[in-house]
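Chemist: please work out how this folds:
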Amino acid sequence: MGFFDDEPDVVAAPVAEPARAARAVWLGPPEDVPGVLVPLEAVVTRTDNAVVLVVGARAYPNGCQVEARVAARRAGLAEDAWWELHDGLFGAHRRRWNRDPSTESAPHFSVRLADGTEVAAVGSAPEQQPAGALLVCSPDGGAADSGRVDSHFQLWLHPLPDTEFELRIEWASAGINTTAKLDGAAIAAAARRAEPYWS
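Modeler: Predicted coordinates:
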C-alpha cells in the first residue's frame, strides 16, 4: 500500500462562469446573432475613374450593416490627381472618419431617413447612447497598387430602419456626390428572421 492510498480524492468544485454583459444595442450587431443577408447589388455611380457599389445589408434586431465597395483606377489621370484619389481612398483605412481638412479627399457616407433626418457617418460609436440615429463607418479591407485601389466599408446603422432610406456618398476628389435608395422595409423583414446561435 502506497503512502497516499488511504487519502480521499479531492475534486475541485466547478466554478461558475460569470455572466457576460450584453453589448449595448447602439454599439453594433449582437455578438450571438449572425444576422440575415439582404442582397442589394446596386451600382450607385460610375465614372471613368471611380465606382461606388452597395453590395448588400445584413439585418439584425437592433440595426443593419450595409456593405459598400468603392474603387478607383488611374486610367489617364495626371499623377497628382491620381495619387490624391488613391491616398484619399486607401488612406481611409488608417484614419478615423471625423471630417476635417486631412480627409477631404476621402469618400464620406451619410444617410437620410424617411422623416428627413440626416446622419453623417462617424468613425466609432459613442460610449453613451445617442439621442437619435447613428451611422458608423468601418473600413473593411481592400487592395491597392500603383494603378488601382479597391476599398470595402461596413456601415452600421442604428436603430433598424423600417422604411426606405437614402445612402449618400460624397467623394470630392472623384467628383462624386450621389445617393442610393435602400429598401428599409425589406431589411426590417429580414431582421425579424434573425435568430441567435443558441436560444
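
Chemist: which is the next helix or strand following the lengthiest helix in the chain?
Modeler: The helix that spans the most residues within the chain, counting by DSSP state H, is helix 79-90. Later in the chain than helix 79-90, the nearest helix or strand by DSSP states H and E is strand 108-112.

Chemist: what is whatever helix or strand comes next after that following strand packed up against?
Modeler: Using DSSP H and E, the helix or strand that follows strand 108-112 in sequence is strand 118-120. Strand 118-120 sits against strand 108-112, strand 134-144, with contacts defined as 3 or more CB pairs under 8 Å, 6 or more residues apart in numbering; DSSP states H and E. Using the backbone N, CA and C atoms, a C-beta is placed for each residue, glycine as well.

Chemist: spatially central residue in the protein, please.
Modeler: Centrality entry for the chain: nearest residue to the mean C-alpha point is residue 154, 2.1 Å, by CA atoms, centre = their mean.

Chemist: is it true that that one touches residue 67?
Modeler: Yes: applying CB atoms under 8 Å as the test, residue 154 and residue 67 come out as touching, 6.0 Å apart.

Chemist: could you give the angle of the worst-scoring helix or strand of the chain on mean pLDDT to strand 134-144?
Modeler: The helix or strand of the chain with the poorest confidence is helix 79-90; it has a mean of 84 (mean pLDDT, DSSP states H and E). Counting by axes from the mean of the first three to the mean of the last three CA atoms, to 10 degrees, helix 79-90 lies at 130 degrees to strand 134-144.

Chemist: thinking again about what came up before, which residues sit against the longest helix of the chain?
Modeler: Residues from elsewhere that reach helix 79-90, judged by CB atoms under 8 Å, 6 or more residues apart in numbering: 49-50, 70, 72, 74, 77, 103-107, 142, 144, 149, 151, 171, 173-174.

Chemist: just the buried residues of those residues.
Modeler: Burial by neighbour count, 16 or more other CB atoms under 10 Å: within those this picks out 49-50, 70, 72, 74, 77, 103, 105-107, 142, 144, 149, 151, 171, 173-174.
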